[in-house]
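Peer 1: Requesting a structural model of the entry that follows:
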Amino acid sequence: MNSIKPKYIAQVQKPYLCNVACLNMILYRQAGIIFEQEELAEFFNVKIHPSLVSCFTKKFEITDKINDDEWLKTIEEEKNINNFFKQNYIALQAQSFYLEDILELWTLEEFIQKNIVQNNDMWVEYKLEWLFPWNKGIHDWLIESISWNEIVMINPWYDTPNRYTFDIDVLEEALSDKFARETGIVVISKK
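Peer 2: Have a look, this model is predicted:
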């Protein structure tokens, strides 16, 4: 099994802040620092559903869209992630890869293996519908390890296991445009 080192210390997300919870886990693993999730959400202008207002101390833009893809499109945040690193003097860099970009040069397995060997973080944005057919949302996870065709992913959701093992073909389907727009992986590496 190939695994990033050190492994992630799983963090539980605040409601619908899976994206910034993933970023926080990356920051802690790579730089030993952690930010308050609402502070990160504010920086990235995360929108929240009206039913969630009471869950937060900060005021956020509101959206009543059912699909949380409206709240933050992680794969499109490469520039903002890099601005965040720069503003906070963090020696990391982000590069976004849509699934089609990955498959032009590698198989998904080769891409994941390559980044694990380089000890890069892989922040995955995918559609939940492949796993839960009734859920049209978008969710973020981190890839921690790979063994043959199976990957271990870190999930920040509060009432599920922190680590899931999936077949890589299932992840490829979740990143594809089969259920909604194509998503991908943001690779975080040291500068």
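
Peer 1: Where does Ile185 sit: helix, strand or coil?
Peer 2: strand (DSSP: H, G, I helix; E, B strand; the rest coil).

Peer 1: So that it lines up with my notes, have the first residue be 522 from now on.
Peer 2: Will do, 522 is the new start, and the previous item becomes Ile706.

Peer 1: Surely it touches Met643?
Peer 2: Yes: with contacts counted by Cβ atoms under 8 Å, Ile706 reaches Met643, the gap being 5.0 Å. The C-beta positions use only the backbone N, C-alpha and C, and glycine is treated the same way.

Peer 1: Overlap of the contact sets of these two?
Peer 2: Shared contacts of Ile706 and Met643 (Cβ atoms under 8 Å, 6 or more residues apart in numbering): Ile664.

Peer 1: Pick out whichever of those two has more residues nearby.
Peer 2: Comparing Ile706 with Met643 by other Cβ atoms under 10 Å, the one with more neighbours is Ile706, at 29 against 24.

Peer 1: so where's the chain shaky on pLDDT?
Peer 2: Residue ranges of the chain with pLDDT under 70: 586-593, 651.

Peer 1: biggest strand in it by residues?
Peer 2: strand 659-668 (DSSP state E).

Peer 1: Can you show me the CA trace of that one as PDB?
Peer 2: Extracted in PDB, the C-alpha atoms of strand 659-668 (Å, rounded to 0.1, in the frame of the first residue of the first chain):
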ATOM      1  CA  ILE A 659     -21.300  17.700  -4.200                       C
ATOM      2  CA  HIS A 660     -18.900  16.700  -1.400                       C
ATOM      3  CA  ASP A 661     -15.100  16.900  -0.800                       C
ATOM      4  CA  TRP A 662     -12.800  14.200   0.500                       C
ATOM      5  CA  LEU A 663      -9.100  13.600   0.600                       C
ATOM      6  CA  ILE A 664      -7.200  10.600  -0.800                       C
ATOM      7  CA  GLU A 665      -4.900   9.100   1.800                       C
ATOM      8  CA  SER A 666      -3.600   5.900   0.200                       C
ATOM      9  CA  ILE A 667      -3.900   3.400  -2.700                       C
ATOM     10  CA  SER A 668      -3.400  -0.300  -2.900                       C
END
